[in-house]
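1. quick one, fold the following:
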Amino acid sequence: MAIDDRDIVLASNPLADGQLRLELSVPGVHCGGCIHKIESTLSQITNVTSARVNLSTKRLTVQYQNRDAPPAIGAALEKLGFDAHLSGPAEVKSNTAVRSMLKALAVAAFAAMNIMMLSVAVWAGADSDTRQLFHLISAFIAFPALVYSGRVFYLSAWKAVRHGTTNMDVPISIGLIITYAMSLYDTVTGGEHAYFDAATMLLFFLLIGRTLDYMMRERAHSAINGLQKLIPLGVDHIRQDNTVVHISTDQIEPGMLLQLAAGDRIPVNGIVESGRSDIDLSLVSGESEPVHVHRGSSLVSGALNLTGPFILRASAPASGSYLADMIRLMERAEQSRSGYTRLADRFAALYAPLVHLTALIAFGFWMFFTGDPHHALTIAVSVLIITCPCALALAVPMVQITAARRLFDAGILIKDGSALERLNEIGSVIFDKTGTLTSGELSLLNGNQIDEHEMLIAASLAAGSRHPYARSISAYWRKQSDTVLQVQEAAEVAGSGLEGCIDGHRYRLGRNEWASECATNQTTKSARGSVLTREGQIIAEFDFEDGLRPESLEVVHELRRHGLPLTILSGDAKENVSQVAAELGVDDYHWGMLPDEKLRAIETANFDGQKPLMVGDGINDAAALAAAHVSIAPASTTDVGRAAADIVLLKNSLIDILTAIRIAKASKKLIHQNMSFAVLYNLIAIPFAFLGYISPLYAAIAMSTSSIVVVMNAMRLNNSKAEKQTRVHA
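-> Next up is the predicted model:
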């Protein structure tokens, strides 16, 4: 659906010259042709003064005139085939942070390569004047690189020191600063050795690991933005004089009358004042079956109006609506998730103080025996460089990146590297039902039992309707034939069904009490059902079901076989949940659960030490997905569900849960190998550096070599037989 032009005005910012500025996110932009198409088309729209697309951020900036006649930007983009939405400041911050990290890496790479070329000339035997010149040039190249790219580590180190703690960035920062300062001193005083190459190469390797890790964390972005996008920016308000004005959702107050059309989302909690319709409440319950509403029915924000217009009387402001409560639940859940400490971070808590202490002892030892501060400082720097946690910095993210590639090739998207660690720790599995264990879409159950002509009539009536029952009938018939009959006087009665005349007879398809004209002696057999009537007499009954996914039984059996307790949490009715639980053999199941109840169940499991894996697909599962120790969502889930989950199954098959667990366990083995190698490397290298046998340059080469070994070991996961042989539960 195109962005409402009136919402464009609400989202625009005024400029000093009287124009307005609008920013949109256009995720479909992927090349220069897309940019040219959008910019040239929008520039031709009346009142648009400029249109610019940023390919790297996929953002469109439009400036236009005349607030009273906003340009039809949303419709124009939709006609071009581009989806667009009003983007928020959180997205800008995220994009800017990623670009900043990549720029820092690029600057460090440029400096390291150029200084290394100059160093090669020095190593080849350049005379003293040439060597001095190359050292000076290296100093000029290294300084801006160390200042600009190194700020990533300096700021983190300063923050830790200021609060009386330490982290891995403290020895990194000290090593970089002292190495450069000492090399600059030797260059100015005509010394033979300078270690600008070691400093920049160290910075480059460290930034590789930091950037990879940062990008993995950024992909686990908050799902809160997705929930906020479900809140309409504006809504039609019926004033006391019966005039209609478009106002911002933030301006809604209790008691206001709001006019809603089919296809609109409910902006705030309220009560239906007049009209009737079918409402998609999957945001609340996760169930795909629509709910009929009429005068007096209560509704919550975020629900989708399917079939008819109605007037809603607001019962709460936007800040007190259901979606606002959901956002607060998500914030609470993500705060609990952020408390998880990664393996590398836990290792660093012990590693960093030991490095500082070792370097300090080395400086004191040589200062005591030689009295030469330059010599003592050189050895201390060698210790800092050779023990610099570069291999450790790459040990985890390189395995995680390689595992992410393996998972992606298998049709599994992992958005947070720490999810691999957490997936190895799970002690139970909690499933949502609808859309997770089941297909999530209503299908016609008894189509083969209905007369073909009656099926044709029903499909003809259902053609074009958005109602889930009608779409199921249409989908079933399209598999049989493309033929439909012409319907005279076709109409859709909100909350009741469809009607029209075919071959001189009046047919109705929908609710029994409406379609059969309140014939009390005619009833359907199924709670999930609809009837077809001719002149008020039932001629066919349609039963629908949300069936199990084909692979659900196998996945549940495999997880149970390896001792993982299973639970089903669903917002559906008891009879539907119990039926699915019985088919799967799951004894622990709960029905009629609201999002906050699911969240409390997850928090209880976390508190009990179960470390649950949550598998869910709906908006109503988002808070639970974010709160779980680790979470997985099928690709068919909503945008909010995908954003909240750590892992997304792109092939939409639950079998890939088992694949993800196997690869996670193989990754754990490689990470432990890399950690063990980093420790062994330091145990061997530190004595040589401490005793003065290794200069800062050779220390940097040794450090780089250890990093390469770690990277090569991580690459083994690409064709690892161990992964294929790893059992689901160790």
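
2. mind giving me the packing neighbours of the lengthiest strand in the chain?
-> Identified as the longest strand of the chain according to DSSP state E is strand 537-545. When contacts are defined as 3 or more Cβ pairs under 8 Å, 6 or more residues apart in numbering; DSSP states H and E, strand 537-545 packs onto strand 443-444, helix 452-462, helix 468-478, strand 529-534. Every residue, glycine included, has its C-beta placed from N, CA and C.

3. nearest to Pro550, of those?
-> strand 443-444 (13.0 Å; Cβ to Cβ).

4. what strands line up against that closest one, and which way round?
-> strand 537-545 (antiparallel) (DSSP bridges).

5. identify each buried residue in the strand it pairs with, please.
-> Going by neighbour count (16 or more other Cβ atoms under 10 Å), the buried part of strand 537-545 is Ile538, Ile539, Ala540, Glu541, Phe542, Asp543, Phe544, Glu545.

6. would you agree the second one is in contact with Ala515?
-> I take that to be Ile539. No: judged on Cβ atoms under 8 Å, Ile539 makes no contact with Ala515 at a distance of 10.2 Å.

7. quick check: neighbours shared by these two?
-> Taking Cβ atoms under 8 Å, 6 or more residues apart in numbering as the contact rule, Ile539 and Ala515 both touch Leu532, Thr533.

8. the residue nearest the centre of the chain sits in which helix or strand?
-> With distances taken as Cα atoms, centre = their mean, the residue of the chain nearest its centroid is Ala643 (3.1 Å). Here Ala643, judged by DSSP states H and E, is contained in helix 639-644.

9. just list what the helix or strand just after that helix packs against, helices and strands only.
-> Downstream of helix 639-644, the first helix or strand assigned by DSSP H and E is strand 647-649. Where contact means 3+ Cβ pairs under 8 Å, 6+ apart, strand 647-649 is packed against strand 412-414, strand 630-634, helix 655-690.

10. okay, and for the stretch 301-450 of the chain, where does confidence drop off?
-> Along the stretch 301-450 of the chain, segments meeting pLDDT under 70 span 325-353, 356, 387-395, 397, 416-417.

11. 80 - rerun?
-> In the predicted model of the stretch 301-450 of the chain, residues 302, 318-357, 359, 381-402, 404-405, 408-409, 413-418, 440-442 satisfy pLDDT under 80.

12. all helices for the stretch 51-200 of the chain, in order.
-> With DSSP state H, counting those that start in this stretch as the criterion, the stretch 51-200 of the chain has helices at 73-80, 89-123, 128-148, 151-162, 169-188, 196-218.

13. redo the buried residues of strand 537-545 as CSV? Include pLDDT and distance to Ser301.
-> Converted to CSV, these look like this (pLDDT from 0 to 100; distance: Cβ to Cβ, whole Å):
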residue, pLDDT, distance to Ser301
Ile538, 91, 38
Ile539, 92, 41
Ala540, 91, 38
Glu541, 91, 35
Phe542, 91, 32
Asp543, 87, 33
Phe544, 84, 28
Glu545, 80, 30
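
14. could you identify the most distant pair in the residues you listed?
-> Ile539 and Glu545 (21.7 Å).

15. and Thr505, what's its pLDDT?
-> Just to correct that, residue 505 is His rather than Thr. His505 carries a pLDDT score of 91 in this model.

16. what bridges to the nearest residue to it once chain neighbours are set aside?
-> With sequence-adjacent residues excluded and distances taken as Cβ to Cβ, 6 or more residues apart in numbering, His505 is closest to Arg534, at 5.2 Å. Bridge pairing for Arg534 (DSSP bridges) gives the partners Tyr507, Gln537.

17. picking up where we left off before, any idea how far Leu625 is from the residue nearest to the centre of the chain?
-> 9 Å (Cβ to Cβ, to the nearest Å).

18. domain ranges for the chain?
-> Domain assignment for the chain, taken from automatic domain parsing, gives 5-87, 96-220+340-397+670-721, 232-320, 411-439+549-666, 443-545.

19. which stretch among those comes nearest Arg405?
-> domain 96-220+340-397+670-721 (7.4 Å).

20. coming back round to it: and the domains of the chain, which is most packed in?
-> Stretch with highest mean neighbour count among these: domain 411-439+549-666 (a mean of 21; mean count of other Cβ atoms under 10 Å).

21. give me the spatial nearest neighbour of Leu654, chain neighbours excluded.
-> Nearest residue to Leu654, sequence neighbours excluded (Cβ to Cβ, 6+ apart): Val555, at 4.5 Å.

22. show me the contacts for that neighbour.
-> Neighbours of Val555 in contact, by Cβ under 8 Å, 6+ apart: Leu654, Ile655, Ile657, Leu658.
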